[in-house]
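Asker: Sequence and computational prediction follow.
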Amino acid sequence: LCAAALLVSLIPASMPAWAQGIAADGKDEFEAKCSKCHSVDPAAPPGTGPNLHGVVGTPAGARPGFVFSDAMKASGLTWSEENLVKFLAGPGATVPGNKMAGSFMGTTAEIATDIVAYLKTLTAPAQ
């Protein structure tokens with residue numbers, strides 16, 4: 001019983017670190033999974049996907065210079081941390097009919113949380 005109580009007491013202490021994500025891991029995951037279609041260079045134009053520099057906190061479907069699907073434009077989402085994690089872990093379920101849903105290289109919620117932690121470090125909107 002004492003060992004179980006100790007284990008349970010350690011779990012809440014470890015959850016905030018995971019929930020906040022690890023930006024360095026997220027950068028590696030972004031480069032591996034996302035950079036083929038998305039740039040985070042503030043001066044870069046959109047590619048196959050929109051530029052994601054400064055995306056956290058912005059309305060979905062409104063990044064400059066990119067033609068979004070009607071589904072994304074009508075989603076009504078704001079790219080909060082929670083919405084970004086949900087979208088990265090399941091783009092088709094989060095915004096049915098979006099352009100990324102069919103070609104996304106799926107990821108876990110933990111990896112998505114790390115990617116969002118990295119995106120949060122890129123605070124200034126793309127020009």
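Answerer: Perfect, thanks for sending it.

Asker: what's Val55 in contact with, if anything?
Answerer: Listed by C-beta atoms under 8 Å, 6 or more residues apart in numbering, the contact set of Val55 reads Arg63, Trp79, Leu84, Leu119, Leu122. For the C-beta atoms, the positions are set from N, CA and C on the backbone; glycine is no exception.

Asker: Report the lowest-confidence entry in those residues.
Answerer: Least confident by pLDDT among those: that is Arg63, with 90.

Asker: any idea which element that residue lies in?
Answerer: Per DSSP states H and E: Arg63 is located in neither a helix nor a strand.

Asker: contacting residues for it?
Answerer: Pro46, Pro50, Asn51, Leu52, Val55, Ala126.

Asker: For the residues you listed, give me TSV that also has pLDDT, secondary structure and distance to Leu88.
Answerer: What follows is the contacts of Arg63, written out as TSV (pLDDT from 0 to 100; DSSP: H, G, I helix; E, B strand; the rest coil; distance: C-beta to C-beta, whole Å):
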residue	pLDDT	secondary structure	distance to Leu88
Pro46	94	coil	18
Pro50	96	coil	14
Asn51	96	coil	16
Leu52	96	coil	11
Val55	96	coil	11
Ala126	50	coil	18
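
Asker: Taking those, tell me the two that lie furthest apart.
Answerer: Farthest apart among those by C-beta to C-beta are Pro46 and Val55. That separation is 11.7 Å.
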